[in-house]
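Quick check, what structure comes out for this input:
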Amino acid sequence: MFTGFSLDARAQGIIVPGPCTRCPERPRPVQLPRSLPVKSIKIDTKIVNQVATTHVEQIFSNDTDATLEGTYFFPIPDEASVAEFAIWDGEHRLVGEVRSREEARRIYDEIVRRQRDPGLLEYAGKNLFQASIFPILPHSEKKLELTYTQVLRAESGTVSYKYPLGTGQNIVQIGTVSGRVEIEGNEPVRNIYSPSHSVDVKRNNDRRATLSFEAGGAGQQQDFQLFYSLSREDFGMTLLTYREPGRDGYFLLMISPKQDWSEQEYTAKDIIFVIDTSGSMAEEGKMQKARAALLFGVRNLRAEDRFNIVSFAGEEHLMENGMIAATAQGRSRGEDFVNSLRATGGTNINDALQAAIKQFDHSARPKILVFLTDGLPTVGETSPQRIVDNSHRASTSGVRLFTFGVGYDVNTNLLDRLASENGGVADYVEPREDLEIKVSNFFTKVNNPVLTDLHLDMGGVDTDLVYPRSLPDLFKGSQITLIGRYRSPAELSNVQLRLEGRASGRERTFAYEGLRFPIRETKNDFLPRLWATRRVGWLLEQIRTNGEQRELRDEIVELGTRYGIVTPYTSYLAVESQPADAARAGGFSGGQANSQTQTLSNNAARHRAMAPPPPASTMGATTGAAAVAQSKNATTLQNAESLDDNDAMRVSTVRNAGGKTFYQRGGVWTDAEFKAEAHLPETVLTFGSDDYFALLRREPRLAQYFALGERVVVVLDGRVYRVNSTSR
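Residues are numbered from 1 along each chain as shown. Sure thing, here's the model as predicted:
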């Protein structure tokens, strides 16, 4: 099914109104829009054995009082062929024609000159599908459908697909955008990844998967990109790299398990549920929902698993001494214990954790401790530092500790540290969220471990600042995405990586050969910003845990400025002011983060619960709504997998194009890498001049930057290109 949302952007296919020789005469000339607004876009792609068939449906609207005549343009991907085009005027079906890229360039140049619209420059270098549209009646809609096919290339077992959603940087109104991709292959499909959009992936089996996406926030400015790998290995590995000459390289490494597992292949686990039953859990139905989530977790355990339950208020209560088998009888015992839980008393977090940790034995099974609380420690040991210190025995015995904070009256510093220092993850259930659904979803995720205690040997490649800092376990349906930097004086080819871990109670090693870490690779220009996003998330977490240090804050400001990442310290990116001023002030305080130039993304489906990051003044908070927001914001950044994961806000004066970040300063889109004091050689051009178009033909990479507007400053290969408007 398609899902929709609202956004502002220019779509990939456009209708450009022109002089109408067949239209009725009007007493006054009609002001023609640059292009017709798009009411909706639906994209449906099916990829079978690397042959992609893309069907796109667009609905355009004529909001004027006049009958219009226009031309429909659609940039066709390389090596693609149009299979079908349909537009109806009553029963009359119109036809279109394909233009060569040389003729297409002439058409683009002509429209850019006439309409002063540099956004069309992103079409340059592509073949063009063109159709004449008439009549377009006043206040009416036109539906167009286009289907094209293309053969997708595979490099080192990785297949890539791109749909030109982001063509055109100038803003026109679009109603809804939605997309669906089906993948089928003779080879098993392993890693599925989109760096441009958050995708919802559903796997039918090892050879078939379906994903859907919504282009919101950052998605309004960039093409939809998709990578997937084909592999018969139990654990597929995919490597993507990016490197500019003379600089460190960036890499993204994906690891995912096969989809089809026999019961004998799953790894039996030990899991302990620790639940807060203090008096406050009786409020707002929290106890009832927690019981329902626990029952779900117990009922879905596999017979080979072992478990226990610890409830705590002023003191702890164990279901059993030691672990019990999750047989039908054992699960029934667990259900009875859960149903007997009642909320009363204080909150003794320390003793409950210690009692739970002691229940694990020294078996080689993966050990999971799930801790849920809605309050602060009020009984027994109440010092967060000492509670964390006391929990360290969990990490020495291989226990992964996952924490859930319910509501805002929790100590986020305590819960975050308990999780991060014991190999787990902290999560929070805010008052507007459903506790039962959130915790049950977690139980589903960790129910089927397939490879634990992971270690990755990078084959001698010099890497640093790799995130996540430690590898999590792999579960059925999960995927690990590692992002880091690498350096080498020359290209590294035929590199062998080794993945080690425990599966089905024994040590396993998987080797991946023939990998390449190049000295130059410009195809995956999203990687530096994605790496910087995770780096910023990690730095924010260090500040929250250990207090603010100038070096950490300055690095956040530097990375946020260079890559356009919105953080508590870089809210000033939304205004045309000097970054140094706000940096010296340590970011905005209170709620002064320039609301007049920041707008919440219209993607209600994805971002309805998101808000601008809390101000820097709340970084030291440990309890309350701001503390929970800071923790969740840092976690989101640390786990970012696509460029729109940092797009809770759309900032009107920041744009990302071709791996670069631009700021609108004094009406000029200025490359973040531009430094006047560097005195680089400059090429100065006038928008729409002969020299302007001649340069674009010689250096087509500039088109994606010049498309930002009539006044642009960009740094490329050690030279500054400055475009001035003819209206200056």
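
Tell me which stretches of the stretch 51-200 of the chain form helices.
In the stretch 51-200 of the chain, the helices defined using DSSP state H, counting those that start in this stretch lie at 101-115.

Now stretch 532-548: buried residues?
In terms of neighbour count (16 or more other C-beta atoms under 10 Å), stretch 532-548 has its buried residues at 532-541, 543-544. C-beta: built from backbone N, CA, C; applies to glycine.

those strands in the stretch 501-650 of the chain, which residues are they?
Taking DSSP state E, counting those that start in this stretch to define them, one finds strands in the stretch 501-650 of the chain at 506-517, 598-600, 649-651.

for the buried residues of stretch 532-548, which one is nearest Leu680?
Of all these, Leu680 sits closest to Ala532, with 22.9 Å by C-beta to C-beta.

The helix or strand harbouring Phe296: what's the following helix or strand?
Per DSSP states H and E, Phe296 falls inside helix 286-299. Per DSSP H and E, the first helix or strand lying C-terminal to helix 286-299 is strand 306-312.

Same list (the buried residues of stretch 532-548) but as TSV, adding pLDDT and distance to Ser391.
Formatted as TSV, the buried residues of stretch 532-548 follow (pLDDT from 0 to 100; distance: C-beta to C-beta, whole Å):
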residue	pLDDT	distance to Ser391
Ala532	92	32
Thr533	90	29
Arg534	92	26
Arg535	94	27
Val536	91	27
Gly537	90	23
Trp538	91	21
Leu539	92	24
Leu540	90	23
Glu541	89	18
Ile543	88	22
Arg544	84	18
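
Turn these into a markdown table, columns for distance to Asn204.
A markdown table is the format used below for these (distance: C-beta to C-beta, whole Å):
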| residue | distance to Asn204 |
| --- | --- |
| Ala532 | 35 |
| Thr533 | 31 |
| Arg534 | 31 |
| Arg535 | 36 |
| Val536 | 36 |
| Gly537 | 33 |
| Trp538 | 36 |
| Leu539 | 40 |
| Leu540 | 38 |
| Glu541 | 37 |
| Ile543 | 43 |
| Arg544 | 41 |
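
Going by mean pLDDT, which of the strands of the stretch 501-650 of the chain comes out lowest?
Mean pLDDT is lowest for strand 598-600 among the strands of the stretch 501-650 of the chain, at a mean of 29.

Test my guess that Thr653 contacts Phe662.
No. The criterion here is C-beta atoms under 8 Å, and Thr653 misses it with Phe662 at 9.2 Å.

What count of nearby residues applies to the nearest residue to Ser493 once chain neighbours are set aside?
Nearest residue to Ser493, sequence neighbours excluded (C-beta to C-beta, 6 or more residues apart in numbering): Arg516, at 5.0 Å. Counted with other C-beta atoms under 10 Å, the neighbours of Arg516 add up to 14.

for Asp234, same thing?
Using other C-beta under 10 Å, Asp234 has 16 other residues around it.

what does Asp717 give?
Neighbour count of Asp717, defined by other C-beta under 10 Å: 9.

One more: Leu301?
Neighbour count for Leu301, taken as other C-beta under 10 Å: 21.

Report the separation between the nearest residue to it once chain neighbours are set aside and His362.
Distances taken as C-beta to C-beta, 6+ apart place Ala326 nearest to Leu301, at 3.8 Å, with adjacent residues excluded. Distance of Ala326 to His362, given as C-beta to C-beta, to the nearest Å: 20 Å.

Looking only at neighbour counts, state which of the two leads.
In this view Ala326 and His362 are compared by other C-beta under 10 Å, and Ala326 has more residues nearby, 24 against 7.

Leu252 is in contact with Leu482, isn't it?
Yes. Using C-beta under 8 Å, Leu252 makes contact with Leu482 at a distance of 7.1 Å.

Would you mind telling me which of the two has more residues around it?
Per other C-beta under 10 Å, whichever of Leu252 and Leu482 has more neighbours is Leu252, with 22 against 18.

what's the more buried one in contact with, if anything?
With contact taken as C-beta atoms under 8 Å, 6 or more residues apart in numbering, Leu252 is in contact with 193, 195, 239-241, 481-483, 524, 527, 530.

sorry, back to before: contacts for the helix holding Phe296 next, please.
The contact list for helix 286-299 (C-beta under 8 Å, 6+ apart) reads 271, 273, 275, 277, 280-281, 307, 309, 326, 331, 334-335, 338-339, 341-343, 370, 372, 374, 406-407, 434-436, 438-440, 443.

buried sites along that helix?
With burial defined by 16+ other C-beta under 10 Å, the residues of helix 286-299 counted as buried are 286-287, 289-298.

From the chain's centroid, how far away is that helix?
A distance of 30 Å separates the centroid of the chain from that of helix 286-299, by C-alpha atoms, centre = their mean, to the nearest Å.

Next, the angle strand 306-312 makes with it.
Angle, helix 286-299 to strand 306-312, by axes from the mean of the first three to the mean of the last three C-alpha atoms, to 10 degrees: 170 degrees.

Now do the residue nearest to Ser493 against Gly459, distance only.
Distance of Arg516 to Gly459, given as C-beta to C-beta: 11 Å.

same question, Glu507
From Glu507 across to Gly459, the span is 19 Å (C-beta to C-beta).

Tell me if Met281 really is in a helix.
Yes. Met281 forms part of a helix when assessed by DSSP: H, G, I helix; E, B strand; the rest coil.
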